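Peer 1: Mind folding the following:
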Amino acid sequence: MDPTKRVNDLIVITGRFADLLERENAALREKRNKELYEILDEKVILGHVYESRIMGLTEDPEALDSVDQELCERLRGIGGKVNGLIEDNAKMLKIAIEANRRVVNLIAETVKASVPSAGTYSPTGATGTHDHRAAPKNVAISANHTL
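Peer 2: Residues are numbered from 1 along each chain as shown. This next block holds a predicted model:
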């Protein structure tokens, strides 16, 4: 494929990726989870398309010499914008993942605490679900008088 066409394709793809990241970042900020799942599919597809275009350029780096420098500068500019969006995206995803992990842990702890147990006998012989770890106050003792 012609290097100029590859660079033009990369400009378009990178621009779409920047728009996608802006949408994803907004969805993360506003906690619109359903939209995040829809964005993920498009993100994967754009990633594959970008990878196929960039591979052709990395196989023959000298081919970029024949591309108009203005196009290369546009690509660098969009690339810089995408890098900033990726950094923001990574921070917000890390925060969202940590928040979700905490919620799941709280739910798990709540479920564990609400599971009924068999209970234990109290010093009076009653059963309860309280955790009695101390020794009972009324201890039965027997003595052997045959000494």
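
Peer 1: alpha carbons only for contacts and neighbour counts from here, please
Peer 2: OK.

Peer 1: Give me the helices and strands touching the longest helix anywhere in the chain, please.
Peer 2: Taking DSSP state H as the criterion, the chain has its longest helix at helix 69-114. Applying 3 or more C-alpha pairs under 8 Å, 6 or more residues apart in numbering; DSSP states H and E, one finds that helix 69-114 makes contact with helix 3-29.

Peer 1: between the helix it packs on and helix 69-114, how big is the angle?
Peer 2: Interaxial angle of helix 3-29 relative to helix 69-114 (axes from the mean of the first three to the mean of the last three C-alpha atoms, to 10 degrees): 30 degrees.

Peer 1: Please name every helix or strand in contact with helix 3-29.
Peer 2: So helix 3-29, by 3+ C-alpha pairs under 8 Å, 6+ apart, packs with helix 33-59, helix 69-114.

Peer 1: Find the residue closest to residue 93 in space, skipping its chain neighbours.
Peer 2: residue 28 (7.4 Å; C-alpha to C-alpha, 6 or more residues apart in numbering).

Peer 1: quick one, what contacts that neighbour?
Peer 2: Applying C-alpha atoms under 8 Å, 6 or more residues apart in numbering, one finds that residue 28 lies in contact with 36, 92-93, 96.

Peer 1: Pick the one among these closest to residue 9.
Peer 2: Closest to residue 9 out of the contacts of residue 28 is residue 36 (25.4 Å), distances taken as C-alpha to C-alpha.

Peer 1: Just give me the neighbour total for the closest one.
Peer 2: Other residues lying near residue 36 total 16 when counted by other C-alpha atoms under 10 Å.

Peer 1: want to throw the helices and strands packed on helix 3-29 into TSV with mean pLDDT and distance to residue 11?
Peer 2: Converted to TSV, the helices and strands packed on helix 3-29 look like this (pLDDT from 0 to 100; distance: least, C-alpha to C-alpha, whole Å):
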stretch	mean pLDDT	distance to residue 11
helix 33-59	85	10
helix 69-114	90	5
